[in-house]
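Enquirer: Sequence and predicted structure are below.
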Amino acid sequence: MSVAPVLQSATSARPRHVAIIMDGNGRWAKKRLLPRAAGHKAGVEAVRRVTRHARAIGIEALTIYAFSSENWRRPEEEIGDLMGLLRLFIRSDLAELVRENVRLKIIGDYRRFPHDVVALIDDAVARCAANTGPILAIALNYGAQDELVRAARRLAERLPPDQIDAAAIEGELETRDMPPLDLLIRTSGEHRLSNFLLWQAAYAELLFVDTLWPDFGPSDLDAAVSAFGTRNRRFGGL
């Protein structure tokens, strides 16, 4: 379960939990006169590079925004391409996750996906369930506002209003068994959170980079971690 963040001044300490809004696949493809599907495919390769490097440098938890609850508004063909890439990623990379002792976690209501994709996800999570290493959390059909609404409803069913506090809400979030979020990165030059980890990001360091997601790699993650080390994290104190 997440705990309150520890006061931390400017330091070379590594973030325990990093989250990434992986933005820019479409623009990457457009710049190369390629279909959007090619950008998403290149984005999957970036996921592989970055998740492997995150493990190599000792990041305890990595959360990636793979499919938002708003992504259903995209063309049906593009959604189909994304589902296909998700199938391919699970089939091709699951053995590596198991071998590398990765704890796979899904946040979001992924059961809205096609039945075969849901079955693949369930099998992948089950096969990683006994692992004890770093966490890879994949946000699928996830929206932070919906997460908070569902948490509030569950608490309202069993607690009187005066017993619902921040700790109670945090205990209902899908990230409750993960370290507190330290660093949130968004690629492609956009400067918004897009309904991603709104509660968890309350005291996270935010880093917005111009690099399009398919071009983001180990050196970019290293630069983000180094930038985190220069931040003075006071959490409201002096």
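Expert: Structure's in. What do you need? Being a predicted model, the structure only gives us computed values, none of them experimental.

Enquirer: May I ask you to confirm that residue 222 is in contact with residue 56?
Expert: No: Residue 222 is beyond contact range of residue 56, at 10.3 Å (criterion: C-beta atoms under 8 Å). Backbone N, C-alpha and C define where each C-beta goes, glycine included.

Enquirer: Just give me the longest helix of the protein.
Expert: Of all the segments assigned as helix in the chain under DSSP state H, the longest by residue count is helix 76-99.

Enquirer: May I have the helix or strand that that helix is followed by as PDB, with CA atoms only?
Expert: Next along the chain after helix 76-99, taking DSSP states H and E as the criterion, comes strand 103-107. As requested, the backbone C-alpha atoms of strand 103-107 are provided in PDB (Å, rounded to 0.1, in the frame of the first residue of the first chain):
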ATOM      1  CA  ARG A 103       5.300  -8.200 -11.300                       C
ATOM      2  CA  LEU A 104       2.800  -7.300 -14.000                       C
ATOM      3  CA  LYS A 105      -0.100  -5.200 -12.900                       C
ATOM      4  CA  ILE A 106      -3.000  -3.800 -14.900                       C
ATOM      5  CA  ILE A 107      -4.900  -0.700 -13.800                       C
END
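
Enquirer: Not counting strand 103-107 itself, show me its contacts.
Expert: Applying C-beta atoms under 8 Å, 6 or more residues apart in numbering, the set of residues contacting strand 103-107 from outside is 63, 97, 121, 124-125, 128-129, 131-140, 142, 147, 174-175, 177-178.

Enquirer: Run through the helices of this structure in chain order.
Expert: With DSSP H as the criterion, the chain has helices spanning 25-31, 36-56, 76-99, 115-127, 144-158, 166-170, 218-230.

Enquirer: With distance to residue 13 and mean pLDDT added, can I get those helices in CSV?
Expert: CSV is the format used below for those (distance: least, C-beta to C-beta, whole Å; pLDDT from 0 to 100):
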stretch, distance to residue 13, mean pLDDT
helix 25-31, 31, 97
helix 36-56, 16, 97
helix 76-99, 26, 97
helix 115-127, 30, 98
helix 144-158, 26, 97
helix 166-170, 22, 97
helix 218-230, 6, 96
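
Enquirer: So for residue 14, which of those helices sits nearest?
Expert: helix 218-230 (6.0 Å; C-beta to C-beta).

Enquirer: tally of neighbours for residue 219?
Expert: Using other C-beta atoms under 10 Å as the criterion, residue 219 is surrounded by 9 other residues.

Enquirer: what separates it from residue 85, distance-wise?
Expert: Using C-beta to C-beta, to the nearest Å, we find residue 219 at a distance of 24 Å from residue 85.

Enquirer: count of neighbours near residue 74?
Expert: When counting by other C-beta under 10 Å, one arrives at 15 neighbours for residue 74.

Enquirer: distance of it from residue 194?
Expert: In this view, residue 74 and residue 194 are 14 Å apart by C-beta to C-beta.

Enquirer: returning to that earlier point: now that we have the contacts of strand 103-107, which of them are buried?
Expert: Of the members of those, the ones counted as buried by neighbours, 16 or more other C-beta atoms under 10 Å, are 63, 97, 121, 124-125, 128, 131, 134-140, 142, 147, 174-175, 178.

Enquirer: Now intersect those with the strands, please.
Expert: Residues from the buried ones among the contacts of strand 103-107 lying in strands, with DSSP state E as the criterion: 63, 135-140, 142.

Enquirer: returning to what we had before: which stretch among the helices of the chain comes nearest residue 212?
Expert: helix 25-31 (4.4 Å).

Enquirer: what helices or strands is the closest one leaning on?
Expert: Packing partners of helix 25-31 (3 or more C-beta pairs under 8 Å, 6 or more residues apart in numbering; DSSP states H and E): helix 36-56.

Enquirer: Brilliant, that's me finished.
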